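Colleague: Fold the following for me, if possible:
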Amino acid sequence: EGPWVSRGSQGGSAGPLRDGKGSTYEGGQRVPCMMWWPESIPAGTVCEVHVASMDLMPTIAHLAGTPPPQDRVIDGLDMHEVLKGNFSKAPQREFYLYARKEAIRVGDWKYRKGKEYGSWARKAGKKNPVIVQLFNLKDDFGEKNNLAERYPEKVAELARRLETEYAEVAAESPDAKDMAEALFQAITTREAVPPLSATAGRDLGIEEAYAIQDSFNARMQKDFGNPSGYKVAFSAKPAQDKFGITSPAFGTFFQKQRVEAGGSVKAADFIGFVNEAEIAFTIGKDIRHSIATVEDLMPYIASVHVGLDVPDIRFDTTKGPLTAGDVIAMSCATHTYVLGEGIAPGSVDYKNTRVTLSHDGEEVYAGNSSNVLGDPRKAVLMLNDHLLAHGSYIKAGDVVLSGSVGKPYSPSAEARKGIYVGNASGMPPVKLVVE
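Modeller: The predicted structure is shown next:
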């Protein structure tokens with residue numbers, strides 16, 4: 001792990017490399033490795049190929065003539081050619097991830113977002129802000145020249161890659177699967193669970209949260225049928241500000257979560273009951289490519305409805321604050337949705353339609369359709385781009401609930417029962433009975 005910087009000359013030196021033990025600079029990561037293998041490793045050989053400790057298992061397995069385990073992802077590489085001195089035959093590692101999700105290296109480029117100095121800075125009384133850095137390790141392996149301002153596109157590219165790769169690791173980890181299972185068990189037991197971020201002791205990254213959502217959705221599909229549509233959450237600016245994010249989030253609905261208009265659900269089936277009236281869309285044909293404008297989207301919309309999105313917040317917020325990652329991980333709390341009768345997509349004033357929700361005849365929620373990204377059709381465009389980026393797409397027959405136009409209605413457990421009616425200008429109403 002490099003030298004112990006806080007001990008000064010007593011702690012060793014990383015030479016030209018920056019920082020030391022515990023840091024995600026190269027001085028905290030690179031260490032020499034010495035190997036002795038008579039008649040196999042030539043004496044005096046110097047090798048500059050990068051090898052990681054996780055490469056030992058597949059390398060030793062190869063040398064022992066046995067395959068590595070097949071029931072898990074093996075991140076290490078078989079480096080036996082390096083041990084034999086065949087450096088040119090060494091497998092190439094596409095990228096390197098660093099501790100605490102602080103940094104990633106792809107080729108010669110390294111992106112880092114972390115504290116400017118190692119842990120020694122606190123003892124030294126030195127201010128230690130979190131900064132964004134970009135280094136070209138081929139030209140600057142001492143990490144002296146921060147190129148982040150000069151190459152903002154590379155910074156953005158590697159920041160996204162860091163999130164994506166860590167999310168993939170998280171999806172394969174027992175922790176992610178355990179988190180997804182905990183969320184599912186909250187549905188079956190109707191007992192709230194602590195926010196996942198509180199359990200993990202850290203905020204969940206957005207891509208990590210979607211990785212957990214993927215595991216959760218796979219579990220949901222077994223009991224609730226195939227996906228039947230999507231919801232868009234945080235589509236209004238106040239909701240984004242509340243959770244400290246700058247774009248919407250997306251969750252999946254399943255076949256058994258749909259309730260026909262005028263139907264009923266049981267209040268006792270919810271942990272944290274919420275109800276929102278929204279503009280909803282039924283998609284008429286597959287959308288397999290990105291769509292730039294709402295006008296270009298119109299041929300793909302079969303009908304427009306007033307919809308009720310009735311999520312269930314399954315977290316015990318006395319155990320910790322709710323974060324955007326928590327909400328995303330539980331598929332944005334999808335539980336029940338209801339659609340009113342559909343109308344032709346060309347007959348809706350998307351930028352100026354008043355949407356309301358009443359509870360036993362009393363209006364409890366209201367807002368304008370423009371509160372959803374200025375035009376609720378934009379929510380469909382953003383959902384489409386999200387799904388395409390994650391290897392999926394919106395299919396013919398899918399339903400999309402575009403997001404809340406006002407403050408979500410969340411009555412107390414004692415006051416949930418009753419008749420809920422969603423209305424929108426020029427559209428047939430939608431009704432749900434909560435028993």
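Colleague: need the contact list for the nearest residue to residue 394 once chain neighbours are set aside.
Modeller: Distances taken as CB to CB, 6 or more residues apart in numbering place residue 287 nearest to residue 394, at 4.5 Å, with adjacent residues excluded. Yep, even glycine has a C-beta here, placed from its N, CA and C like the rest. When contacts are counted by CB atoms under 8 Å, 6 or more residues apart in numbering, residue 287 touches 300, 384, 393, 394.
Colleague: where's residue 287 relative to residue 348, distance?
Modeller: 19 Å (CB to CB, to the nearest Å).
Colleague: just residue 244 next, same as before
Modeller: On the measure of CB to CB, residue 244 and residue 348 end up 32 Å apart.
Colleague: Compare these two (neighbour count), which wins?
Modeller: Comparing residue 244 with residue 348 by other CB atoms under 10 Å, the one with more neighbours is residue 348, at 23 against 9.
Colleague: ok, that one - contacts?
Modeller: Contact analysis of residue 348 by CB under 8 Å, 6+ apart lists 279, 304, 426, 427.
Colleague: and with 10 Å instead?
Modeller: Contacts for residue 348 (CB atoms under 10 Å, 6 or more residues apart in numbering) come out as 279, 281, 301, 303-305, 369, 376-377, 424-427.
Colleague: What score does it have for pLDDT?
Modeller: Predicted confidence (pLDDT) for residue 348: 96.
Colleague: got it, and residue 8?
Modeller: 69.
Colleague: And for residue 113?
Modeller: The model reports residue 113 with a pLDDT of 87.
Colleague: Please apply the same query to residue 173.
Modeller: At residue 173, the model reports a pLDDT of 61.
Colleague: And residue 426, how close does it get to residue 205?
Modeller: In terms of CB to CB, residue 426 sits 41 Å off from residue 205.
Colleague: do residue 369 as well
Modeller: Counting by CB to CB, the gap from residue 369 to residue 205 is 32 Å.
Colleague: More neighbours: the two, which one.
Modeller: Each of residue 369 and residue 205 has its neighbours counted (other CB under 10 Å); residue 369 has more, 25 against 18.
Colleague: Quick check, the more buried one in contact with residue 354.
Modeller: Yes. Using CB atoms under 10 Å, residue 369 makes contact with residue 354 at a distance of 7.8 Å.
Colleague: shared neighbours, those two?
Modeller: Joint contacts of residue 369 and residue 354 (CB under 10 Å, 6+ apart) are 405, 424, 425.
Colleague: Derive a PyMOL selection command for the buried subset of the residues you listed.
Modeller: PyMOL command restricting these to the buried ones, with burial defined by 16 or more other CB atoms under 10 Å:
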select buried, resi 405+424
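Colleague: can you put the shared contacts of residue 369 and residue 354 in TSV and add secondary structure, pLDDT and distance to residue 112?
Modeller: Shown next, in TSV, are these (DSSP: H, G, I helix; E, B strand; the rest coil; pLDDT from 0 to 100; distance: CB to CB, whole Å):
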residue	secondary structure	pLDDT	distance to residue 112
405	coil	96	41
424	strand	97	48
425	coil	93	51
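Colleague: Return the member of the shared contacts of residue 369 and residue 354 nearest to residue 330.
Modeller: Residue 330 lies nearest to residue 405 out of the shared contacts of residue 369 and residue 354, by CB to CB, at 22.4 Å.
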